[in-house]
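[1] Okay, here's the prediction I keep looking at, along with the sequence it came from:
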Amino acid sequence: MAEADDLLRAGDLDGARRVLVEIARRDPGDVPTRLFLWQLLAVAGEWTKAKSQLTTLAQLSPEAQMLAVVYGQAIEAESVRAAVLAGTQRAVIHGGAEWAGGVAEALQFEANGDAAQAEGLRAAAFDAAPDTPGAVDGAAVNWIADADPRFGPTIEAIVGGEYGLLPFSAVEKLTSEGPKDLRDLVWYPVELTLKTGARIAALLPTRYPGAADDAAERFARATGWDDDGRGRGQRLWTASDGEDRGLLSVRSVELR
């Protein structure tokens, strides 16, 4: 697997995949290879194949069964996410803020070609969103938002296996240990304390929606922007202190 590691570090996802597939073909019971392969397929956005490898991994290793449940749900949530961004489904709102429905509606209208309606809904939602004073990794801020205007005062989040939008204003505290595994480049694991008092684990899509051709963006090492302001690659959060923070660098957010 050292060759696959080297190829991955060089940004050659296809080359690393070919090496891992060949190892798995020669030794179908190789658990470390299956563990590596399903995560690599997830980075590539090959959800069906990633789910198949994850299922096989759980069959080979009982220790991987909980992993398979959590990330099997995350893979399924990606199909919902794709439908939301395609405008065929409306995102659920985690946290119940009424104004956030406008952000979800705007995604639908924009995907279906009605940019003016989307802009009006988005502007109204952003105006209604409360400020979110607090601290990001110890730095005081008056507000925090996604740098991509499609999401703004909301967070793309998979909660309880369900994809949706979580308002920053619903969050009291967010913590993460930072990226540890390849899968964290796809879904960033966080612990949330909501202002309702609920404590939950969540997965935040690390990268913006859509395929990135650039290797650095695909591996969440960089962020790029389309002409219309849509993000590619690693998600950025912006704040009132003028700093843009890559999601993978965030360890703690505390909001009042």
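    Cool, the structure landed.
[2] drop to CA atoms for contacts and neighbour counts, all remaining ones
    Fine.
[3] mind checking how far the lowest-mean-pLDDT helix or strand in the chain is from the chain centre?
    Lowest mean confidence among the helices and strands of the chain (mean pLDDT, DSSP states H and E): helix 2-9, at a mean of 89. How far helix 2-9 lies from its chain's middle: 24 Å, per CA atoms, centre = their mean, to the nearest Å.
[4] Stretch 20-39 now?
    On CA atoms, centre = their mean, the centre of stretch 20-39 falls 25 Å from the chain's centre.
[5] Now it: buried residues?
    For stretch 20-39, a neighbour-count test (16 or more other CA atoms under 10 Å) marks L20, I23, A24, G29, V31, T33, R34, L35, F36, L37, W38, Q39 as buried.
[6] Pick out the most distant pair among the residues you listed.
    G29 and Q39 (16.8 Å; CA to CA).
[7] Now do stretch 228-244: distance from first to last residue.
    For stretch 228-244, the first and last residues are 18 Å from each other (CA to CA, to the nearest Å).
[8] if we look at that stretch, which residues are touching it?
    The set of residues external to stretch 228-244 that reach it, using CA atoms under 8 Å, 6 or more residues apart in numbering, is 140-150, 206-212, 216-226, 245-248.
[9] So how do I select the buried members of these in PyMOL?
    Selection of buried members from the contacts of stretch 228-244 for PyMOL, criterion 16+ other CA under 10 Å:
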select buried, resi 140+141+143+144+145+146+147+148+149+150+206+207+208+209+212+216+217+218+219+220+222+223+224+245+246+247+248
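[10] The contacts of stretch 228-244 in strands, which ones?
    Residues of the contacts of stretch 228-244 located in strands (DSSP state E): A140, V141, I144, A145, D146, T223, G224, W225, R245, G246.
[11] What is the nearest of those residues to S61?
    Distances from S61 to the ones in strands among the contacts of stretch 228-244, taken by CA to CA, are shortest for G246, at 33.9 Å.
[12] Helices of the chain, start to end?
    With helices called from DSSP state H, the chain shows them at 2-9, 13-26, 31-43, 47-60, 65-86, 100-111, 115-128, 215-218.
[13] hang on, the earlier thing: got the angle between the least confident helix or strand of the chain and helix 13-26?
    Relative orientation of helix 2-9 versus helix 13-26 (axes from the mean of the first three to the mean of the last three CA atoms, to 10 degrees): 160 degrees.
[14] about what we covered before: okay if I get the ones in strands among the contacts of stretch 228-244 as TSV plus distance to Q73?
    As requested, those are exported to TSV (distance: CA to CA, whole Å):
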residue	distance to Q73
A140	35
V141	34
I144	28
A145	26
D146	24
T223	26
G224	28
W225	29
R245	27
G246	25
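[15] With pLDDT and distance to F109 as extra columns, can I get those in TSV?
    Output for the ones in strands among the contacts of stretch 228-244, formatted as TSV (pLDDT from 0 to 100; distance: CA to CA, whole Å):
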residue	pLDDT	distance to F109
A140	98	35
V141	98	32
I144	98	25
A145	98	21
D146	99	20
T223	97	25
G224	95	24
W225	95	21
R245	98	29
G246	98	28
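[16] what's the closest of those residues to A157?
    Out of the ones in strands among the contacts of stretch 228-244, the member with the shortest distance to A157 (by CA to CA) is D146, at 12.3 Å.
[17] correct me, but the closest one touches L166?
    No - the pair D146 / L166 is not scored as a contact, 11.4 Å apart, by CA atoms under 8 Å.
[18] In contact with T175, which residues?
    Shown in contact with T175 (CA under 8 Å, 6+ apart): V190, E191, L192, R251, S252, V253.
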